[in-house]
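A.B. asks: Let me see the structure of the following:
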Amino acid sequence: MNRNETPPDMRAGMYRRITELVSLLSDDEMEPTIRKISEITGTTLSQTREDILQLGKAGLLIYPEEVVLSLDRDSGRFDDEILGIDLDVSPGCYLLFLSQAERELFTGSRIRDMLIKDSPNYVPDEVKSRAAVIEAAIRARTFIRFRYRSPVQLGPAAFEIAPRMLFHNTTDDLYYCISFDENKEMMSFRLDRMIHDVKPVRSRHFTDFGESDPEALQLDRMKYMWGAAFNNKEEPARVILEVTPNTPNLLGKIRTDTRGRAFGKLTERDGLYYYTDEIIGLNSFRAWVLSFGSSVRVIEPAELAREIRDSSEKKLLNYEEGGFHH
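C.D. replies: Numbering: from 1, shown residues only. Reported below is the predicted structural model:
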């Protein structure tokens, strides 16, 4: 290894830290501040400020913009300011905005035009283990017990729930366990926020909902859900994408991302590929589409195609002028 090259384990750590940062900035469940993010990730306040500043310099629109631009001058002044991020960009797609040298720092690759879409999704072993326990509990209709770290609570809390569904959020590659409380309200738990192991409670069992039960209807809508806005009330929309397989691993990435989709289908015709699906959550779907750049084109719905075209033109103008647009 070149002595000036960043070690692979350090690159992987940087990648996971920054990806988690973007995910927290776009988390609907919390009001992210530098202090909260630092506490959740275990990163120092100064490192969190530096990471946010670098994301802003890389081209991501983090707001309030005046806060981000002042982070290198006013250390600590805005640590409790609520931050947000432009959701046109998915939580891994920030690599698209970095220079080739900066991309190599995170990916460790010297392949020309290496982008995040070429890289396999990283699922931590502990998440895979928890998913396996939850899937087994769903099949056996048994409760599960775990401790959970929520961004809206000061410390971890203990839960014992009936797991009804294991949901994969394609946009940011996060996994959720879906359940319901005594008031029939849906609850969602991110597997990466569970602490230690998930334990089956074999002495407690649950039964399936009836077809007309409100919970069953909510679970049925989850088949269409894209993203984690589980309370989205919009009706499913049919989407058609045209895929040009001009990038290594592109088709494999799409197949991997959509493997759990109930209505998703990738087909080939005359050298091009077409992905069709029924979607609830077009905003999150748009972020996923944007992560593939010019290799994927929206055919339907027409309104989404126009939004992506307008967003791309706006970003191009931003880079040409060297500034940001609100």
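
A.B. asks: Ranking helices and strands of the chain by mean pLDDT, which lands last?
C.D. replies: helix 100-107 (a mean of 45; mean pLDDT, DSSP states H and E).

A.B. asks: need the next SSE after that one, C-terminal direction.
C.D. replies: helix 125-140 (DSSP states H and E).

A.B. asks: Which other helices and strands does that following helix contact?
C.D. replies: Under the contact criterion of 3 or more CB pairs under 8 Å, 6 or more residues apart in numbering; DSSP states H and E, helix 125-140 touches strand 142-148, strand 165-169, strand 174-180, strand 194-205. For every residue, glycine as well, the C-beta is placed using N, CA and C.

A.B. asks: quick one: buried residues of it?
C.D. replies: Neighbour-count burial for helix 125-140, with 16 or more other CB atoms under 10 Å as criterion, is recorded at V127, R130, A131, V133, I134, A137, I138.

A.B. asks: what bits of the protein have low per-residue confidence?
C.D. replies: 1-16, 19, 27-30, 58-60, 73-74, 86-122, 248, 312-326 (pLDDT under 70).

A.B. asks: Break it down into its domains, please.
C.D. replies: For the chain, automatic domain parsing gives the domain ranges 8-118, 125-210, 237-321.

A.B. asks: Isn't V127 up against R193?
C.D. replies: No. With contact defined as CB atoms under 8 Å, V127 does not count as touching R193 (10.0 Å).

A.B. asks: Quick check: end-to-end length of stretch 138-154?
C.D. replies: The first and last residues of stretch 138-154 sit 30 Å apart, counting by CA to CA, to the nearest Å.

A.B. asks: Touching that stretch from outside, list them.
C.D. replies: With contact meaning CB atoms under 8 Å, 6 or more residues apart in numbering, stretch 138-154 is reached by 24, 27, 29-30, 32, 36, 40, 130, 133-134, 137, 155-166, 177, 189, 193-202, 204-208.

A.B. asks: let's see 6 Å
C.D. replies: 29-30, 40, 137, 156-160, 162-163, 189, 193-195, 198-202, 204-206 (CB atoms under 6 Å, 6 or more residues apart in numbering).

A.B. asks: That stretch: how far from the chain's middle?
C.D. replies: From the chain centre to the centre of stretch 138-154 is a distance of 20 Å (CA atoms, centre = their mean, to the nearest Å).

A.B. asks: show me where the stretch 151-300 of the chain has helices.
C.D. replies: 214-222, 250-257, 282-290 (DSSP state H, counting those that start in this stretch).

A.B. asks: nearest to N231, of the domains of the chain?
C.D. replies: Minimum separation from N231 across the domains of the chain (CB to CB) falls at domain 125-210, 7.8 Å.
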